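Colleague: starting from these lines, generate the structure:
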Amino acid sequence: MPFSKKCSVFKVVLSALLIVALLQLIYLSFLSKLHGKEQRYRYSELFGSKKNPHLGEKNTKKERLRYSLSSGGIFDNSGQYRIYKNLIKSDFSTSQKPGADPRSHHLSLATHTTINNLHHLDSLLERWRNPLSVAIFAHGQDVRFATALVYALSLFCPQVQELVDFHLVCHSEETASFPEQDREHFAGLEEQGCPGVFAKLESHRDKYQNYAIGSNVSYPNNLLRNVARTGTDAAYVLVIDIDMVPSADLHHQFVTMLMRREPPQDEVLVLPAFEIRHTRKMPASKAELVQLYQVGEVRPFYEELCPRCQAPTNYSRWINLAAKSSGPLEVAYTLNWVDPWEPFYIGAKTVPLYDENFKQYGFNRISQACELHIAGFRFSVVSNAFLVHRGFKVQGEFHSRKDEENRRNRLLFRSFKEGLKTKYPNSPRRC
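Modeller: Numbering: from 1, shown residues only. This next block holds a predicted model:
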């Protein structure tokens, strides 16, 4: 081919490539502007718009939040706390028909937290991917911050919007308000979206240690557990700490089990609980967990702080049990409760609530397990599901008043046990 013709072909190809590249740039620019417009609209829905303050007034989620806040919440039995039940309801919950059979909504996860630990919701929801009820305790300025953050989560995070119900608890003299005046805290969210909201939460993770919110502020863990538990319409509930995750496919395993057998009302299904080093990836299956357990990267929950609190689970027996990687949840063995066992379990909604007199550190879960025992419940350990807490729990990470609180709650526990004798006069069991 003559040299001049080769040059002409080269120019045509080069011109075509330049046109394609230019078209791609125009397309990407269009997508970027469209995405920015969508995010700015969401941002204006969230906090209003300086240019058009009336934009988004028909946002139903905003109106629901306004309605929840306008109620002023309800007081707990002690009168010390204000509860905003269902402050934000998930799409799943709002789509449930009144009077529907609760068995159609089989199992929900219930958890509790303060703002500094709410960032764990991201990894928990990534693993769970089913209905979740979250009770948040906030104090002082955190009440406004918590209200704004859960609204932002429900608006910018599709999976949160779909599955998570939020409840807010604060002191009775405090009230939550709509976050329209908090724009300065959320600059940039219109571009960052859901990752930006979780980044905000992550920045608050070290605000204070667990249970060390303030000198005169007690963390009402059992009240929060009850709020989260009663905040779902599920027939069965698993109550966990927010920095724990269940094994993969737990929800599916449980629903498959229900198709074969429904647990008796006086039986709870115990999930063995473990701790894992911070640097390790959370195991999804029992096979992965056992591998990590055998090399010391995973250990029983609370092994260093209170080995007796989980020992009755019988970890060596459970580890050596063969378990199917798929299929329904299976009961391996049934145990009688012994003091001070505090298992995590799946239970029916009829399971007794937690005693709300217990706050801060110590005896808050043991007391409830003790009551189940007195009430005649059976504790059945499942062979093919578990919970994992992120990070090893060690002595030095707790707040300075831990031992003082433990002593106070020990005295309260003695009184609580005496009360159970009156509540269950015909029970032959004792704690």
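Colleague: residues in contact with stretch 388-398?
Modeller: Residues from elsewhere that reach stretch 388-398 (Cβ atoms under 8 Å, 6 or more residues apart in numbering): 120, 123, 209-211, 241, 243-245, 247, 273-278, 282-283, 289, 298-299, 301-302, 304-305, 361. To be clear about C-beta, it is placed using only N, CA and C from the backbone, and glycine gets the same treatment.
Colleague: surely residue 82 is in a strand?
Modeller: Yes: per DSSP: H, G, I helix; E, B strand; the rest coil, residue 82 lies within a strand segment.
Colleague: what bridges to it?
Modeller: Per DSSP bridges, the residues bridged to residue 82 are residue 75, residue 170.
Colleague: list the contacts of it.
Modeller: 72-76, 169-172, 174-175.
Colleague: at 7 Å what do you get?
Modeller: Listed by Cβ atoms under 7 Å, 6 or more residues apart in numbering, the contact set of residue 82 reads 73, 75, 170-172, 174-175.
Colleague: before we move on, what about residue 374?
Modeller: Residue 374 sits next to 420, 424, 427, 429, 431 when contact means Cβ under 7 Å, 6+ apart.
Colleague: also residue 196?
Modeller: By Cβ under 7 Å, 6+ apart, the residues touching residue 196 are 188-189.
Colleague: give me that answer again for 8 Å
Modeller: Applying Cβ under 8 Å, 6+ apart, we find residue 196 in contact with 156, 188-189.
Colleague: filter the residues you listed to the buried ones?
Modeller: Buried residues within the contacts of residue 196, defined by neighbour count using 16 or more other Cβ atoms under 10 Å: 156, 189.
Colleague: which of the contacts of residue 196 fall in strands?
Modeller: Among these, none falls in strands (DSSP state E).
Colleague: which of the contacts of residue 374 sits closest to residue 310?
Modeller: Distance to residue 310 across the contacts of residue 374 (Cβ to Cβ) is lowest for residue 431, with 17.0 Å.
Colleague: circling back: take the contacts of residue 374 and write them to JSON lines, including distance to residue 340.
Modeller: Shown next, in JSON lines, are the contacts of residue 374 (distance: Cβ to Cβ, whole Å):
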{"residue": "420", "distance to residue 340": "15"}
{"residue": "424", "distance to residue 340": "19"}
{"residue": "427", "distance to residue 340": "19"}
{"residue": "429", "distance to residue 340": "15"}
{"residue": "431", "distance to residue 340": "9"}
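Colleague: is it true that residue 134 touches residue 114?
Modeller: No: using Cβ atoms under 8 Å, residue 134 makes no contact with residue 114, being 11.3 Å away.
Colleague: ok, the two, which is more surrounded?
Modeller: Between residue 134 and residue 114, counted using other Cβ atoms under 10 Å, residue 134 has the larger neighbour count: 28 against 21.
Colleague: tell me the SS of the more buried one?
Modeller: State at residue 134, reduced to three classes by three-state DSSP: strand.
Colleague: any idea how far residue 235 is from it?
Modeller: 19 Å (Cβ to Cβ, to the nearest Å).
Colleague: circling back: just the closest of the contacts of residue 374 to residue 387, please.
Modeller: Nearest to residue 387 among the contacts of residue 374: residue 431, at 23.7 Å, using Cβ to Cβ.
Colleague: from what I can see the closest one touches residue 419, true?
Modeller: No: here residue 431 does not reach residue 419: they are 11.0 Å apart, not a contact under Cβ under 8 Å.
Colleague: okay then, goodbye and thanks.
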